[in-house]
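1. My questions are about this predicted structure, shown below with the sequence.
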Amino acid sequence: MRIIPNIWFDGTALEAAEFYAGVFREAAVTKIVTYPEDGLPDFQAHMAGRPLTVDVEIHGRRLSLINAGPEFPPNHSISFLLNFDPSQYDGGADEAIVYLDSVHDALVDGGGGVMMELGEYPHSARYAWIRDRFGVTWQLMLTNPSGEDRPFLTPSFMFGGANQDKAREATDFWISVIDASARGALVEYDHGAVMFTDFRLADEWFAAMDSAVPQDTTFNEGISLLVEAEPGAELDRLWNELSSDPAAEQCGWCKDRFGVSWQVVPENMDELMTRPGAYGTLMGMKKIEAEEF
């Protein structure tokens, strides 16, 4: 089982992937899947032959960028936490800070914005929360090298609005549903809300927190989690556990009770999509039934 974060773009997925590949030291565009040349529904006809998804790998973490329309812009309810660990650089903290600052400046350049200014905070000697030109948000943090190792890139959930103070409930639920999952750190406020937690789902690291201030944004399809599962009983179990809104079910997409979007797909999805008429078959499905391709 694998979990791959997906980000929705308004026709700019390839541009964004190439941009990210140029920002980070260890990054590359690894895969491009295109829309079929024909047989698309009317609302997608203009996308024929253009990129459908573009995969980019950043310091070993795969992200899949969906090339679609303006329907679901990403927002800061899910951001990407970047850990700059001095122990990973020959130049130690000095080199980590230089790299952090260069990534910060590159991501903000060209129309990005700042949510929390680059500077010193109680949780990190150097930290910023920013938005890039595509609307994707990033938390850049100089990590304490004496702590436990964590990956460079970690998707991070912020619970607010109708989901205020539900970070513990949601992460407990996901850990119980996804195989090879466990909690890492957990730091709580005095009233029991989550200040910060990180956890593994299918052996991939994620993070979460309850917002300390009111939020007017919440989870949407702009950032979703694609889960590759064995067709049959395992896929059915995940779908039944995760899907809580029948109106949101389409093409393997569903929403859990916290509003987080998931794509539950067979682990052989790439092969299924090479079969004749596969795209049209997929468009007519809610839960994906591999045997119908």
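-> The structure has been received and is ready for your questions. Residues are numbered from 1 along each chain as shown.

2. When you work out contacts or count neighbours from here on, use the C-alpha atoms and nothing else.
-> Noted.

3. Residue 192: which element?
-> Counting by DSSP states H and E, no helix or strand carries residue 192.

4. no wait, residue 101
-> helix 92-108.

5. Could you identify the helix or strand that succeeds that helix?
-> Counting by DSSP H and E, the element after helix 92-108 in chain order, helix or strand, is strand 113-121.

6. before we move on, back to that, any idea of the angle the helix holding residue 101 forms with strand 113-121?
-> 160 degrees (axes from the mean of the first three to the mean of the last three Cα atoms, to 10 degrees).

7. So which elements touch helix 92-108?
-> In terms of contacts (3 or more Cα pairs under 8 Å, 6 or more residues apart in numbering; DSSP states H and E), helix 92-108 is packed against helix 13-23, strand 78-84, strand 124-131, strand 137-142.

8. Identify whichever of these lies nearest to residue 258.
-> With Cα to Cα as the criterion, residue 258 lies closest to strand 78-84 of the helices and strands packed on helix 92-108, at 12.7 Å.

9. Paired strands for that closest one, with orientation please.
-> Using DSSP bridges, the strands paired with strand 78-84 are strand 137-142 (parallel), strand 153-159 (antiparallel).

10. Quick one: those strands as JSON lines, columns for mean pLDDT too.
-> Shown next, in JSON lines, are the strands paired with strand 78-84 (pLDDT from 0 to 100):
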{"stretch": "strand 137-142", "mean pLDDT": "98"}
{"stretch": "strand 153-159", "mean pLDDT": "98"}
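
11. In CSV: the ones you listed, plus distance to residue 122.
-> Below are the strands paired with strand 78-84 laid out as CSV (distance: least, Cα to Cα, whole Å):
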stretch, distance to residue 122
strand 137-142, 12
strand 153-159, 19
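
12. So in terms of bridging, what pairs with the residue lying closest to residue 245 once chain neighbours are set aside?
-> In space, and not counting its chain neighbours, residue 245 is closest to residue 255: 6.0 Å by Cα to Cα, 6 or more residues apart in numbering. Listed beta-bridge partners, residue 255: residue 261 (assigned using DSSP bridges).

13. Remind me what the host helix or strand of residue 52 packs against, helices and strands.
-> When secondary structure is defined by DSSP H and E, residue 52 falls within strand 51-58. Using 3+ Cα pairs under 8 Å, 6+ apart, the elements in contact with strand 51-58 are helix 13-23, strand 27-34, strand 61-67.
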